[in-house]
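In: model this:
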Amino acid sequence: MTGKTQNADPPNEGTVAVGDKGRTAQPRVGGGSPAWRLDLLAVIPGLRWLVKRRWLQFAVVFPNLVFFYLFLIAGVFGSPVGNRNIIIIFVWILWWFLLITLMVPFASRVWCTVCPFPFFGEWLQRGALIGTRVGKPGVGRNRMFGLNLRWPKALSNIWLQNFGFLGLCTFSVALVTRPIVSVFVLGGLFVVATILHLVFRQRAFCNYVCPVSGFLSLYSMTSMLEVRSKEAEVCSKCADKGCLAGNESGWGCPWFMYPSRMDRNNYCGLCTECLKTCPYDNMTLRLRPFCSDTRIKGYDESWKAFIMLTLALAYSMTLLGPWATIKDWANASETGQWGGFALYAASLWMSALCILPGVFFGSVWLGRLLGGGAPKPLKDLFLGWSYTLVPLGLLAWIAFSFPLIFVNGSYIISVLSDPMGRGWDLLGTADFKWTPYHPELLAWIQVPLLGIGLFFALRTGYRFAQSRFGSTRSSILGFSPLAVLLTAIACGFLRLFVG
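Out: As a prediction, the model looks like this:
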């Protein structure tokens, strides 16, 4: 289990200035040319001013809250037909496509910045929508309401999120086709988030329970956006520690992080509180290369990678593949084939939790044997190489998501005019017919995407092998079993996508 109440590990990458306007370079793990960083607050006019406004997060969350409220109303009182109800079309087609193809790879956990689920709980916990409260410490210097209990140490990891997400995805067909099911799930997340905010400190719900947060934490490692400190020396001499404890300018990190020591994106929710509280203006927002974070810290994170890759494969089979029987099993609420559904669910859980991890472990064990030299700790190799499934899994999900928007995107146009499927025509587009958009182009998009995912998986895996085995020959031999496995997985996706 991996505790994450505080990211106290010292950064493993130093920062060296190489140019003006906030451009920096950092050495890569395993050697190679320095990886650049670009300080966005230094180069984008007005951005520094914007992120330091106390009203910023409220301004982006509240409109999203209104939209979700309308979605829930549509889910309850609107048409029960999925493609005629805005909650299905906008959440499971448009939102998902934007989240996985744009937000995660280019803007890290920016969804957490605008997410409405913790809105009510955080409001009640803080006793303020925009301002900050400083008084008798509840958490750090900020005054909090509620019980303010510590989250159980044994659950300070993402195992709950792993099982929760896998459980939801097991019933995904009903979730993405029946509006009332989406209402219960999304509405339930609001309720659970509010209760946990009143019982536990800060954003315990977001950190340890929210199923969406779990996969965002994993795939944000690939993102080209990060919040980091500018100069480690400045932070080491800081006595205020406002980023951690809070002060009159803002709240202590709601995500239980020590922002000045962050060296991974995983548990940073981009709330920008640390940019507001730092008395030395030493926290910033930076652009960086794709796949800059490459360190998996615990088995909970590794298993999230296994789960996400398995689900991408399962969804590709059930939604894009030619196997009607599997589709009927997954859609048992419509077909009534509950025996088949039990087999489908058992296969899904076994594959995600046992079979894929077992095959992966076998590849790591064989690579350790082939690499030779002094024995390398299996845990170290297993965790280090499990990162290879992050870029491969993310790009597989992106490749899977393009057919959703190409084939079903036209529903967005009609549902905008008739969001509840009640015969309205608000914008004059309610009768817009379902029209797949150039499905013949999908292969030209999906094949390069999978190629990019495999490239980054192989590159980071080989670099990790170099850092452990040393010589080129030992590194190639040690990594070769896993490289074969990764290539086979990519080829499997290609077979499903393009035949």
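
In: what ranges do the helices span in the stretch 201-350 of the chain?
Out: Using DSSP state H, counting those that start in this stretch, the helices of the stretch 201-350 of the chain run over residues 204-208, 211-219, 232-236, 242-245, 273-277, 299-315, 324-330, 332-335, 338-350.

In: What is the neighbour count of Cys491?
Out: Cys491 has 12 neighbours, counted by other Cβ atoms under 10 Å. For the C-beta atoms, the positions are set from N, CA and C on the backbone; glycine is no exception.

In: Would you indicate which residues of the strand or helix carrying it are buried?
Out: Cys491 is part of helix 472-498 when elements are defined by DSSP states H and E. Of all the residues in helix 472-498, those buried under the rule 16 or more other Cβ atoms under 10 Å are 474-483, 485-486, 489-490, 493-494, 496-497.

In: again, but for stretch 428-448
Out: In stretch 428-448, counting by 16+ other Cβ under 10 Å, buried: Ala430, Phe432, Leu442, Gln446.

In: still on that earlier bit, packing partners for the helix holding Cys491?
Out: Applying 3 or more Cβ pairs under 8 Å, 6 or more residues apart in numbering; DSSP states H and E, one finds that helix 472-498 contacts helix 299-315, helix 356-371, helix 389-408, helix 442-469.

In: out of these, nearest to Glu122?
Out: helix 299-315 (24.7 Å; Cβ to Cβ).

In: Just the buried residues of the closest one, please?
Out: Buried, per 16+ other Cβ under 10 Å, within helix 299-315: 299-315.

In: same question, stretch 151-171
Out: 151, 156-166, 169-171.

In: Out of those residues, list just those in helices.
Out: Taking DSSP state H, the ones among the buried residues of stretch 151-171 that sit in helices are Trp159, Leu160, Gln161, Asn162, Phe163, Gly164, Phe165, Leu166, Cys169, Thr170.

In: Those residues into JSON lines, with extra columns for pLDDT?
Out: What follows is those, written out as JSON lines (pLDDT from 0 to 100):
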{"residue": "Trp159", "pLDDT": "97"}
{"residue": "Leu160", "pLDDT": "96"}
{"residue": "Gln161", "pLDDT": "97"}
{"residue": "Asn162", "pLDDT": "97"}
{"residue": "Phe163", "pLDDT": "97"}
{"residue": "Gly164", "pLDDT": "95"}
{"residue": "Phe165", "pLDDT": "96"}
{"residue": "Leu166", "pLDDT": "96"}
{"residue": "Cys169", "pLDDT": "94"}
{"residue": "Thr170", "pLDDT": "95"}
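
In: Closest one of those residues to Ile130?
Out: Closest to Ile130, out of all of those and judged by Cβ to Cβ, is Gln161, at 29.1 Å.

In: What sits closest to the closest one if chain neighbours are left out?
Out: Nearest residue to Gln161, sequence neighbours excluded (Cβ to Cβ, 6 or more residues apart in numbering): Gly214, at 3.0 Å.

In: Got the confidence number for that neighbour?
Out: As predicted, Gly214 sits at a pLDDT of 92.

In: Cys112 versus that one, what's the distance?
Out: To Cys112, Gly214 is 12 Å away according to Cβ to Cβ, to the nearest Å.

In: Next one, pLDDT for Thr435 please.
Out: Note on Thr435: pLDDT of 89.

In: OK, contacts around it?
Out: Contact analysis of Thr435 by Cβ atoms under 8 Å, 6 or more residues apart in numbering lists Ser410.

In: Repeat that for Ile180.
Out: Gly75, Val76, Pro80.

In: If we only consider the buried residues of stretch 151-171, which is nearest to Leu99?
Out: Relative to Leu99, the closest of the buried residues of stretch 151-171 is Phe165; by Cβ to Cβ it sits at 13.8 Å.

In: Kindly confirm my reading that Gly428 is in a helix.
Out: No: Gly428: not assigned to a helix; according to DSSP: H, G, I helix; E, B strand; the rest coil it is coil.

In: ok, it to Gly409 distance?
Out: Distance, Gly428 to Gly409, by Cβ to Cβ: 18 Å.

In: How about Gly492?
Out: Between Gly492 and Gly409 the computed distance is 26 Å (Cβ to Cβ).

In: and Trp123, what helix or strand is that in?
Out: Trp123 belongs to helix 119-126, assigned by DSSP H and E.

In: pLDDT averaged over that helix, what's the number?
Out: Averaged across helix 119-126, pLDDT comes to 96.

In: hey, least reliable of the helices of the stretch 201-350 of the chain by pLDDT?
Out: helix 332-335 (a mean of 86).

In: If you count contacts, what does it end up packed against?
Out: helix 172-177, helix 338-350.

In: which of the residues in that helix are buried?
Out: Residues Ala332 are the ones in helix 332-335 that count as buried (16+ other Cβ under 10 Å).

In: do stretch 270-284 as well
Out: The neighbour-count check on stretch 270-284 (16+ other Cβ under 10 Å) flags Leu270, Cys271, Thr272, Glu273, Cys274, Leu275, Lys276, Thr277, Cys278, Asn282, Met283, Thr284 as buried.
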